[in-house]
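Q: What follows is a predicted protein model with its sequence.
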Amino acid sequence: MPIVVQKYGGTSVGDVDRMKRVADRVARSHRGGNQTVVVVSAMGKTTDDLVSMAARISDHPPERELDILLTSGERISMSLLAIALAERGVPAKSFTGSQAGIITDAVHGKARIVDITPGRVQGALEEGNVVIVAGFQGVSQDTKDITTLGRGGSDTTAVALAAALGADVCEIYTDVDGVFTADPRIVSNARKLDFVSYEEMLEMSAQGAGVLQVRSVEFGRNHGVRIHVRSSFSYTDGTWVGPQEDKMEDAIISGVAHDTSEAKVTVQGVPDTPGVAARLFGALGETNVNIDMIVQNVSLDGRTDISFTLPRGDQAKALAMLEPLVTEIGAEGIHVDDDIAKVSLVGAGMKTHPGVAARMFGALSAAGVNIEMISTSTIRVSVVVSKTQVEQAVLAVHDAFNLGEDQVLEEGN
C-alpha cells in the first residue's frame, strides 16, 4: 500500500469545524487505500497564546520549560483529530514527537532532527491505523528533554517522516493554493506555480516565503521526497516541489519573496585586522544566532563597519553577547535598525541570463526604493530596503519581470 504523509497547519485545524473537515479528508485518503500518516500543528493561534502567557509571567522563561509548554498545542490537535477519525469509523493512533521517534539535538527552541526511529509509527500503520503525529517537536538524544524545531517545524516533521518511511508523497496542507510568484496579499496578479525546484524553494523559503520551512525543503532535497503544497480548503492541485530536472518550463525567474522579520546590526569602527570578523561571527554562532546578509565597508584609517542581518527574535541575545565583545576588540559601537525588510528575486534560470540584477535594481530605482544592502547567489538576488517601502519594492520587481503573466519569461522580455 502506498504511504502518504499529510501535514495540516494551524489554520487548517483552527477550530472544531475545520478539524472535522480535515478528518473527512484524512478518512478519504485512508479509504482510498493509502497508509496515511498525518502531522498536525497547534490549532490557530495556540502557540502564540502560549508564548504570550509565558511572557506575562517571565521576561526570560527557561528554554526547557518553554519547549514543554509549547508542545502542548500540537498534542491537543493530534488527540482531537484521532477522536474525529474514530467518530468516522477510521482507526487512528496519535503519537507525540518523541513517541514517533523524532530524535533531535539539545538546542531548545530550534532543535535539529538528527535521526528518526519510526518503529511505533510503522507498527501502527501495519495494524491498519491512520497515524497522527504531533508536529514541531522531538526529544533530545543527549538530555532526553522535549525539544521544539522552531517556527514552521511541523513542515520539517512531516518531510522527515516521509523520508524515514519511504513515503510516495508528502502533502503540505495550508490556507493557500500553493506557491505563488509573490505574496498575493501584496501583488493581486501573483500567479500560482505548478512546479518549483528544491533549490528555488530553498531560496524562497529562506528569503521570507512562509509556505514551507527551509529545513523541510532541505530534507526533501537530501532524501528525494516529493512535496505537494496545496490548500486544505479545496481538492485542486497545488505546487509540486522536486528536482530541477522535473521542471518542464524554462522560466528565468520563479518569484519574489519578502521578509519583514529581520533587523540590521552594524558594528561600527571595527579595527581592520585579521581575525576580528572571525571572533564576531564565531561568538554569534556559539550562541545559535542565525546570520543572514553580511556587508563590510571599505577600510578607512584602519577601521571599518561590519553590517549583518539577523532574526529580530535573536536580537536581544546577539546584543547581550556583542556589547562586551565590541569593547574587547576595540570597536567604536553598535547600531541596530529593525525598520528594514528584505526583498529577493529567485529563479534557477538567472544563473545563465546576465543582466537580471541590473534589471531588478533599475525597477527599484524607478519606484523610488533605496537599497541598503545587497546579497546574491547563483539563483537569487536579495536587497535590504526600508520596511515602509517593502510593498512598493515587491510590486516593482514583480512587474519588471512580468511574473503575473502566464507565459514563460524569455530573455530580453
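A: Now that the structure is in, tell me what you want to look at. Numbering: from 1, shown residues only.
Q: which stretches of the chain have low pLDDT?
A: Applying pLDDT under 70 to the chain flags residues 246-251, 405-413.
Q: Just want the most central residue of it.
A: Ranked by distance to the mean C-alpha position of the chain (Cα atoms, centre = their mean), the top residue is Gln213 at 2.3 Å.
Q: do you know how far the residue located most distally from the centre of the chain is from Ile83?
A: Outermost residue of the chain with respect to the C-alpha centroid, by Cα atoms, centre = their mean, is Asp301; its distance is 41.5 Å. Computed as Cβ to Cβ, to the nearest Å, the Asp301 to Ile83 distance reads 70 Å. (Glycine included, C-beta is placed from N, CA and C.)
Q: Kindly report the same for Lys144.
A: Distance, Lys144 to Ile83, by Cβ to Cβ: 29 Å.
Q: Who has more neighbours out of the two?
A: Ile83 (13 against 9; other Cβ atoms under 10 Å).
Q: Tell me which stretches of this protein form helices.
A: Per DSSP state H, the chain carries helices over the ranges 16-31, 46-57, 63-70, 72-87, 119-126, 153-165, 198-206, 214-223, 276-286, 315-329, 356-366, 390-400.
Q: between those helices, which one is nearest to Gln244?
A: Gln244 lies closest to helix 198-206 among the helices of the chain, at 6.3 Å (Cβ to Cβ).
Q: doesn't Val225 make contact with Cys170?
A: Yes - counting by Cβ atoms under 8 Å, Cys170 touches Val225, with 5.3 Å between them.
Q: Spit out the residues that contact the two alike.
A: 159, 162 (Cβ atoms under 8 Å, 6 or more residues apart in numbering).
Q: residue contacts, Asn189?
A: By Cβ under 8 Å, 6+ apart, the contact list for Asn189 reads Gly404.
Q: And it, how far from Glu65?
A: According to Cβ to Cβ, Asn189 stands 47 Å off from Glu65.
Q: mind listing what Tyr198 touches?
A: So Tyr198 contacts 217, 220-221, 241-244 (Cβ under 8 Å, 6+ apart).
Q: Same check on Ala27?
A: Ala27 makes contact with 85, 88, 90, 130, according to Cβ under 8 Å, 6+ apart.
Q: Using neighbour counts, trim those residues to the buried set.
A: Among these, those buried by neighbour count (16 or more other Cβ atoms under 10 Å) are 85, 90, 130.
Q: Test my guess that the first one contacts Asn129.
A: The reference is to Leu85. No - counting by Cβ under 8 Å, Leu85 sits too far from Asn129 to count as a contact (9.1 Å).
Q: any common contacting residues for these two?
A: 91-92.
Q: before we move on, back to that, the helices of the chain into JSON lines, with extra columns for distance to Lys110?
A: What follows is those, written out as JSON lines (distance: least, Cβ to Cβ, whole Å):
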{"stretch": "helix 16-31", "distance to Lys110": "27"}
{"stretch": "helix 46-57", "distance to Lys110": "14"}
{"stretch": "helix 63-70", "distance to Lys110": "10"}
{"stretch": "helix 72-87", "distance to Lys110": "16"}
{"stretch": "helix 119-126", "distance to Lys110": "24"}
{"stretch": "helix 153-165", "distance to Lys110": "8"}
{"stretch": "helix 198-206", "distance to Lys110": "14"}
{"stretch": "helix 214-223", "distance to Lys110": "9"}
{"stretch": "helix 276-286", "distance to Lys110": "13"}
{"stretch": "helix 315-329", "distance to Lys110": "12"}
{"stretch": "helix 356-366", "distance to Lys110": "31"}
{"stretch": "helix 390-400", "distance to Lys110": "25"}
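Q: Could you single out the nearest of the contacts of Ala27 to Ser205?
A: Nearest to Ser205 out of the contacts of Ala27 is Val130 (Cβ to Cβ; 28.2 Å).
Q: Roughly how far does that closest one sit from Ala190?
A: Going from Val130 to Ala190 by Cβ to Cβ gives 35 Å.
Q: And Ala320, by the same measure?
A: For Ala320 relative to Ala190 (Cβ to Cβ), the value is 40 Å.
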